[in-house]
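Colleague: give the three-dimensional model of this entry:
(chains A, B and C)
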Amino acid sequence: MGAFFRLQWSGILVGIIAGGIALALSAPAFLSEFNLFVLLRSICVSLLVAYAQMVMLGVGQMNLSVGALGGLVAVVTGGLMDALGVPTLPAIMIGVAAGGAAGFVNGWLTVRTGINGFIVTLATASAFAGINLGITKAVPFYNLPADFVAFGNGRVGLFPLLLIVPLLVTVVLALFFARAVPGRHMLAVGGNAPAAQLSGVSVPRAIISAHVLSGLLAAVAGVLAVAQLGSAQPTIGSDWLLISFAAPIIGGASLAGGAISIVGTLLAVVLIGLIQNAMVLVKVDPYWVQFLLGALILAAVWFNRYRAIKVGEI
Amino acid sequence: MQVTRMRGALAVGLALGVALSPLAALASDNKIALVPGGPHPYFAPWEQAAADAQKDFGIAAVEYKVPAEWKLELQTELFESLAAQGYAGIGYFPGDAVGVNSTIAELKASDIPAVALGGCALDPTDTAFCMATDVYASAYLGTKALIEAMGGKGAVVHLAGLLVDPNTTLRVQAVEKAVAETNGAVTLLQTLGDTDNQEQGDQKINALLAAQKDQIGGMIATGYISSVVAATALKNLGDKKIKLIGIDDDKIVLDGIKDGFVAGTMAQNPYGQGYIGAYAVDLLAEGCTVKADAPFITTPQTARFIDSGTLLINAANLESYKDDLKKLTGELQASFKDKFLSCP
Amino acid sequence: MTSALDAEPRPSSASAMDPAPRRTLTSLLLRGSTQAGLFVILVVLWVVFANLAPGFLSKFNLNSLLRSVAVDIVVGFAQMVVLATGGMNLSVGAIGVCAVMFSGYLMQVLGLPIPVAIAGTLALGALLGWLNGFAIVKTGVNSFVVTLASASLFSGGMLILTKAVPLNGLPAEFGAFGKSAVGPAIGSMPAIPSLAVVALAIGLGLYVLFKHSTLGRQILAVGANARAAEMSGIPVDRTIVFVHALSGALAAAAALMLTARLAAAMPAVAGDDWLLPSFLAPVIGGTALSGGIVSVVGTILGALLVSTIRSGLLVLEIGNFWLPLFLGAFLLAAILVERGRAAYVAREQARRA
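Modeller: Numbers count the residues shown, from 1 in each chain, chains lettered A, B, ... in the order given. Presented below is the predicted three-dimensional model:
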């Protein structure tokens, strides 16, 4: 048990288990297959969004354009399918590639101009949102290929088909940061950039790669959101900012860079999804939802902190 | 693509508009702007309405101007820049029913008349009048239609929009009233807030269905996006047992009616609001004034309300409702000047 | 946190606070600080916009521009004081919303005199900010996470208590103040809006705090290096609690200004809308996200830059739906020009040395 509590994310896991048990007892519908499906489906996009920010936190930067970038990719992909009749797979590939390119623009501007990534991505977020609005004039793209929409709604038992994508991404990211040289370089730069530079790591390259990776992840999130909603809505991404930071940081990532936790981020997204699901299941007065969400997140974080002090981590 | 198809449909409207307009020869050199609260598909018909009004009424320019985001600040900044550019009058949707009033007062002080279209500014306001669907009446009628579709008994869920929007409070009251009038035959199971956003709405509405789809007899959605998300959710679930009354005529909702997943939706008349709104603003800028004894309706929001028409779209009138709305628009426009304005 | 990228030496932002010697325009361009560079860019933008769009310099436009920028400046200050310690306050908007509704409640429902209502609202803002600071210091949890959660708590609490019902029966004098102006109108130039004067007065107070008081220097020392500050005897915890309370009070001040401007109190006006502007103005103006460096003048100029670009694009009728694209591009270009200038200055100085 002691060893378990030494794990950084164990506090969040305890929160999820305790919350799950409490919910199962108070709302029998919680454990129904359909509800678990809904819960799992709701975390797919959030998880990718959280990873998109986590990567940036790893390299010691922020990407305020995750939402705008994801939204842009969503309407580009939807527009290709609807307006131009591009088949599903090429449309998705072009969309994701556009996301990677947008991430490259973020990274390149940050490195070449020496302007703080915070400001660069704040400005590019406005630019991406402008392109989104200019393309759509706020009118969504509706006519998407049936197979694509079916993928967004399909399920095997309680598992949504959509979940395949974030799970694959989780595995790839875990390998990338544990094994691959560029991944380790990113964390080294995030931990101590001058030291990394001295030990032969190319800091600009690590930062640009992180931005491209972040752009790709946000792009995949955008495409998934389109599949999930069944139409390419221009508003996709508009409220991703807070969850993108909240999940990795609750999961143990350091704002100062260099330290990230993929499992922690995953569990934090599940915890937030669980809390939001619970609000509906136990029929919380709509005016109380926001208040309780804040209180529960604070409690989870405080508990994790308490655990860390107890096991002498701090 | 969707937009072009919508244009095609509206071209018919243009032809109709020309035919309906007895005032086509009256030219004015005013520049008029139609300003929605922010980017939203509800207002897409305003672009065509602006172009038609400019042509039909011989106005120098009618422009459709959209604030970049759904924020009070951006809308008021847009108003101010329009005033700085010499626009003669503005028809607007109050993104914030109270917050716009101080800017509208400044516009009036600079002799720029404003009318509220699609939604009302809260009294006291310097807005000349409000032409819209009455949110209270629409939610009330929608709930009535829902109760009828449910056979007069069962449990209802209300899918409401943004909680920080005061209109949401009105809609909640309207739904509660309609439910209360059944004397217990129909109960309000739950009110779900903040569903007027794709991602949040999708999650909340699906979680709701997961928890209680067997108890729910019907759902009333009072937000544009809430309706779209609820229609999609029911279709994905393949459930025709739960009755849904939505709002507005988004393609997804109309398809839902066609396929039998949606019982009906409360149509509003955005094209008519934009078209007649531009006409009225032009007349006000020419020196007309609002008649003291005009037949305005008093609503909880304002004492100068003009109903732009609402009707229930269901399987019966799915193909013809657009013509019904056009007819409504034509009738309203033809008698508008005599009924509501006194002109020099 | 971006130290690796800021490897190029650039003039310390703090130098803007030095008393400026007389400079010609070119030397100002080439030797000045970030703030001087921003100022020149602003002037250039104003000249360009004024020439391209006659409406830009109209009384109406300038008046509204100055009044909205006044609120943005104070929102920026609310974030800046926390950034000074290397922390963040994501709840500025939530505190703002609470303050807006509370001020409306005090004036309209309780009918308290305006000065009492103002004092009460500022006290509420300071209290909510103090709660943030207290939670951060006591739990040791990062300010980002604490204020993220408290933002949800504060605005949720406001929704529970008010049900989002707007209050629009505020005393007429309060709304009148929001519209009023100080000094005479000169030609087409309008008199200076009272709200802008309030923002400048708050800025002056903060300038004195950071430049001439022990407390201000302590705040910056904590931001530069908390451990070193602790060892040199600065009460780090108390300083952090103080800046959060100050941040809350400033957010409440911005909320009061907004309420006066709109002559009504409603919940939808601040909230999330304040989050990005609160960072944008100070960070463009040279305040470091990592703490230890602030610039009051820079925050004012940063807020002015953003509003100027937005207003200019609107008056020029650029974009319509595409407006955010141009806004982002212009903003980036303006910052690039400033950084390019700073880099040039650094090279020149290196060459001369």
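Colleague: tell me if I'm right that A:Ile249 and C:Ser143 touch.
Modeller: No - between A:Ile249 and C:Ser143 there is no contact under Cβ atoms under 8 Å: 10.9 Å. Placement of C-beta: from N, CA and C, glycine included.
Colleague: count of neighbours near A:Phe30?
Modeller: As a burial measure, A:Phe30 scores 24 neighbours (other Cβ atoms under 10 Å in any protein chain shown).
Colleague: and if you look at the one 3 residues further on?
Modeller: Neighbour count of A:Glu33, defined by other Cβ under 10 Å: 12.
Colleague: now do it, the pLDDT please.
Modeller: Per-residue pLDDT puts A:Glu33 at 87.
Colleague: let me see the contact set for the nearest residue to it once chain neighbours are set aside.
Modeller: Using Cβ to Cβ, 6 or more residues apart in numbering or on different chains and skipping the chain neighbours, the partner closest in space to A:Glu33 is A:Leu158 (4.7 Å). Contacts of A:Leu158 were listed using Cβ atoms under 8 Å, 6 or more residues apart in numbering or on different chains, and they are A:Glu33, A:Phe34, A:Leu36, A:Phe37, A:Leu40.
Colleague: quick one, what contacts the last one?
Modeller: Going back to what we said before, that points to A:Leu40. Counting by Cβ under 8 Å, 6+ apart, A:Leu40 makes contact with A:Leu158, A:Phe159, A:Pro160, A:Leu163.
Colleague: how far away is A:Gly264 from A:Ala50?
Modeller: Per Cβ to Cβ, to the nearest Å, A:Gly264 is found 10 Å from A:Ala50.
Colleague: which of these two has more residues huddled nearby?
Modeller: With neighbours defined as other Cβ under 10 Å, A:Gly264 and A:Ala50 compare such that A:Ala50 has more, 32 against 26.
Colleague: confirm that that one sits in a helix.
Modeller: Yes - assessed by DSSP: H, G, I helix; E, B strand; the rest coil, A:Ala50 belongs to a helix.
Colleague: quick check: pLDDT value at it.
Modeller: If you check A:Ala50, the pLDDT there is 96.
Colleague: burial count for B:Thr143?
Modeller: Neighbour tally, B:Thr143, other Cβ under 10 Å: 28.
Colleague: does the closest residue in space to it that isn't next to it in sequence sit in a helix, a strand or a coil?
Modeller: Nearest residue to B:Thr143, sequence neighbours excluded (Cβ to Cβ, 6+ apart): B:Ala178, at 3.6 Å. The three-state label given to B:Ala178 by three-state DSSP is helix.
Colleague: same question, the one 10 residues further on
Modeller: In terms of secondary structure, B:Leu188 is strand; the call rests on three-state DSSP.
Colleague: quick one, what contacts the nearest residue to it once chain neighbours are set aside?
Modeller: Among residues not flanking B:Leu188 along the chain, B:Val179 sits closest, at 4.8 Å (Cβ to Cβ, 6+ apart). Residues in contact with B:Val179 (Cβ under 8 Å, 6+ apart) are B:Thr143, B:Ile147, B:Val156, B:Val186, B:Thr187, B:Leu188.
Colleague: 10 Å instead, please
Modeller: For B:Val179, the contact set (Cβ atoms under 10 Å, 6 or more residues apart in numbering or on different chains) comprises B:143-144, B:146-147, B:155-156, B:158, B:185-189, B:220.
Colleague: swap in B:Ser342?
Modeller: Contacts of B:Ser342 by Cβ under 10 Å, 6+ apart are B:Cys288, B:Thr289, B:Val290, B:Lys291, B:Ala292, B:Asp293, B:Ala294.
Colleague: confidence score at it?
Modeller: pLDDT, the model's per-residue confidence, is 89 for B:Ser342.
Colleague: would you quantify the distance from it to chain A?
Modeller: To chain A, B:Ser342 is 37 Å away according to Cβ to the nearest Cβ, to the nearest Å.
Colleague: show me the beta-bridge partners of that residue.
Modeller: Note on B:Ser342: beta-bridge partners B:Thr289, judged by DSSP bridges.
Colleague: that one and A:Leu173, how far apart?
Modeller: Taking Cβ to Cβ, one finds B:Ser342 at 70 Å from A:Leu173.
Colleague: need the overlap of contacts for A:Ile249 and C:Ser143.
Modeller: Common neighbours of A:Ile249 and C:Ser143 (criterion: Cβ under 10 Å, 6+ apart): A:Leu255.
Colleague: for the stretch 51-200 of chain B, what lies in contact range of chain A?
Modeller: Proximity of the stretch 51-200 of chain B to chain A is confined to B:64, B:66, B:68-70, B:158, B:160, B:163-164, B:168, B:172, B:189-200 under the rule Cβ under 10 Å from any Cβ of the partner chain.
Colleague: in strands, which of these appear?
Modeller: The strands, defined by DSSP state E, take in B:Tyr64, B:His158, B:Leu189, B:Gln190, B:Thr191, B:Leu192 from these.
Colleague: what's the farthest-apart pair in those residues?
Modeller: Greatest spacing in these, by Cβ to Cβ: B:Tyr64 and B:Leu189 (40.5 Å).
Colleague: okay, these two: which has more neighbours?
Modeller: Of the pair B:Tyr64 and B:Leu189, B:Tyr64 is the one with more neighbours under other Cβ under 10 Å, namely 23 against 20.
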